[in-house]
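Undergrad: sequence first, then the predicted structure, then my questions.
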Amino acid sequence: MQTQQIDLRRLHVSPLNMRAEKKEPSLKRMAVIAANILPTIREKGIQTALIVRPNADGMEILAGRRRYYAARVIENETGAFPPVECDVRDGIDDAAAIEISLIENVAREDADELTCYETYSALIRQGRNVGEIARLFGKKDREITQCLAIANLLPRIRDLYRDEQLDGSDLQLLTMATKTQQRDWLKLWDDNDAPTHSDLKHWLFGGIAIRADYALFDLAPFKDKIVGDLFSKERYFQHPQDFWTAQDAEIAKRRDTYLAAKWCEVVILERGKQFPQWDFVKASKKEGGRVYIEPTHTGEVRFHEGYLTQREVRQAEKQAQKAKAKAKNGKDEAGEVRSPITNAMRNYLDLHRHAVVRLAVLKHPKDALRLLIAHAVAASGNWNVKLDAQRADSNTVRESLAASPAQAAFAAEAKKVRALLAPAFKGMERDDDEGAARVCGNRNDDALTLRVFHRLLKLRDADVLRIAAFAMAETLQSGSSVVDGFGTHAKVKTRDHWTPDAAFFELLRNRQSVNAMLADVAGKKLADTLVTAKLKDNKAALAKAAAEVPAWCPGWMAFPAIP
């Protein structure tokens, strides 16, 4: 960063300046824009340096547009204006330039909604995410997302705001309108009858009537459930639920058609949730683009074909560069796939799968002995044995595991095994539940090792195998691939010792995964009727269906696990 005196002829407003016009305004317009600072600059000159960066056409102004316009107006009036002091920022990228412009301008004058939208969206295109933008400007993520929702507006509505015919509150309300509602509102605007303020909110959300022409399905079977003047174009469903049951089933068919056409993924948004187009880039089917289906509260459904998130596109570009660099080695890197399993659900699954496999280890002592030996052989240095901590990340998971039948059965076996070894532990008894319920994980004690060894020499082979199996089960690591591997080998039937409980349903967070589980347990036909319904509605249907099918086990809990 350096300060220079720069002639006006070498300066121009950067297109990255958050208040830049599409084309340079006339001198008359410049005078209007800089009206409140013109008198001061005429008398004292420019007191604060402009922020600029070099480009091919001279120096572009990132902050200081109105001061520059005032100088241009005075130069035209007097025939001259001295060189302007400028803070030159050399070597900064476009994203940093946009940030400078926004920070400087917001500090001097509150930016309107449309200006902020254009600036935030420019930062998104430069690789920033919502969280980074929010932290940079001291705002909440939700505030940035709400501002970016202006991308949903038709250009003419944005122009009405630019021309100060529409205020900010109405602009924000219209971001929640569907494209059809926006077009209908513009027709009313042309007739000087468009609702605004509280009337606009009621117009958008006041009723739940659903127009029949939004149906993707055949209306013939529903003729008795549709009301309206037979001579009018607009007809409505008497009961929205009749509409949505059929609409969801048809949306599911469209999804299946897209998948059959080799689209890699079809994402059905929750009913009423907007597709955040500002965060997406067009991508072909070959490039891995997805189809996003957007059902609105009005019943209208929009299909967005071929999109990837901005982040995914940037990752793909980086991976392509890496792949090109490693082409000589013939290496390739797979893209990251976001799992529908949250960290909390992963903890739940790991602990419950671990509980049922430990029980299986006890029932296969010969296999357990071999697994025990394998652990000893594979360990590095001295074999350090410790119990699995079974660490739950929340009270919900902890209470669920404590109520598990598999956990109770294992605790009962622990007491019996401890009793078999009791003579070796004479004088070391513990009154607490933890000490009485465990066998392994004692302090490093040669004398204890010898006492246990001498006790084992006196026991039958069957009891030795029983203890070996327990020791392996007690030290089996939760969440490890060994749990899945042994569970698959032992053909563990999870539902013999586990039932989907309230904690399981509470930890489900991915709506599409829940809908897929519903299809698995209750059939695709029922699941398709809830394909756009809220997560809680899908979970309620899944819980009801699971209770009616005692043998059903979610793929996440099966052996081998099904993602």
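TA: Cool, got the structure. Numbering: from 1, shown residues only.
Undergrad: any idea how far residue 403 is from residue 477?
TA: 23 Å (CB to CB, to the nearest Å). (Glycine included, C-beta is placed from N, CA and C.)
Undergrad: do residue 164 as well
TA: 65 Å.
Undergrad: since we're on residue 56, how many residues are nearby?
TA: Counted with other CB atoms under 10 Å, residues neighbouring residue 56 total 5.
Undergrad: measure it to residue 22 for me?
TA: Taken as CB to CB, the span from residue 56 to residue 22 is 20 Å.
Undergrad: can you check residue 114 too?
TA: Applying CB to CB to residue 114 and residue 22 gives a distance of 13 Å.
Undergrad: please say which of those two ends up with more neighbours.
TA: Using other CB under 10 Å as the criterion, residue 114 and residue 22 rank with residue 114 on top: 17 against 6.
Undergrad: run a quick neighbour tally on the nearest residue to residue 300 once chain neighbours are set aside.
TA: Leaving aside its sequence neighbours, residue 300 sits nearest to residue 214 (CB to CB, 6 or more residues apart in numbering; 4.8 Å). When neighbours are defined as other CB under 10 Å, residue 214 has 18 of them.
Undergrad: so what pLDDT did residue 214 get?
TA: Looking at residue 214, its pLDDT is 92.
Undergrad: and if you look at residue 399?
TA: pLDDT, read off for residue 399, is 93.
Undergrad: grab the nearest non-local neighbour of it.
TA: residue 503 (7.1 Å).
Undergrad: tell me the SS of that neighbour?
TA: Following DSSP: H, G, I helix; E, B strand; the rest coil, residue 503 is assigned to helix.
Undergrad: repeat for residue 439
TA: Strictly by three-state DSSP, residue 439 counts as coil.
Undergrad: neighbour-wise, which of residue 164 and residue 477 wins?
TA: Higher neighbour count among residue 164 and residue 477: residue 477, with 14 against 8, using other CB under 10 Å.
Undergrad: and residue 135, how far is that from residue 143?
TA: 12 Å.
Undergrad: settle it for me: which of the two has more neighbours?
TA: Between residue 135 and residue 143, counted using other CB under 10 Å, the more crowded position is residue 143 (16 against 11).
Undergrad: ok, the more buried one - contacts?
TA: By CB atoms under 8 Å, 6 or more residues apart in numbering, the contact set of residue 143 is residue 134.
Undergrad: and the pLDDT for it?
TA: Model confidence at residue 143 (pLDDT) stands at 83.
Undergrad: buried residues, the helix or strand hosting it. List them.
TA: Using DSSP states H and E, residue 143 maps to helix 141-148. Neighbour counts over helix 141-148 (16 or more other CB atoms under 10 Å) mark 143-148 as buried.
Undergrad: for stretch 269-288, same thing?
TA: Applying 16+ other CB under 10 Å to stretch 269-288 flags 269-271, 274-276, 278-281, 283, 288 as buried.
Undergrad: can you put the buried residues of helix 141-148 in a markdown table and add distance to residue 320?
TA: Listed next are the buried residues of helix 141-148 as a markdown table, based on distance: CB to CB, whole Å:
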| residue | distance to residue 320 |
| --- | --- |
| 143 | 34 |
| 144 | 29 |
| 145 | 29 |
| 146 | 34 |
| 147 | 32 |
| 148 | 27 |
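Undergrad: okay, now the domains of the chain?
TA: 2-111, 343-496, 508-557 (automatic domain parsing).
Undergrad: among these, which is nearest residue 176?
TA: If you check each of these against residue 176 by CB to CB, domain 508-557 wins as the nearest, at 17.2 Å.
Undergrad: who are the contact partners of residue 76?
TA: residue 27.
Undergrad: can you verify it is assigned to a helix?
TA: Yes - checked against three-state DSSP, residue 76 lies within a helix.
Undergrad: confidence score at it?
TA: At residue 76, pLDDT is 92.
Undergrad: before we move on, what about residue 442?
TA: 62.
Undergrad: list the buried ones in the helix or strand where residue 319 lies?
TA: In this assignment (DSSP H and E), residue 319 forms part of helix 310-325. Judged by neighbour count (16+ other CB under 10 Å), helix 310-325 contains these buried residues: 310, 312-313, 316.
Undergrad: quick one, strands of the stretch 251-400 of the chain?
TA: Along the stretch 251-400 of the chain, counting by DSSP state E, counting those that start in this stretch, strands occupy 266-268, 280-282, 290-295, 301-309.
Undergrad: between those strands, which one is nearest to residue 531?
TA: strand 266-268 (5.5 Å).
Undergrad: so what strands line up beside that closest one?
TA: Strand pairing for strand 266-268, using DSSP bridges, gives strand 290-295 (parallel).
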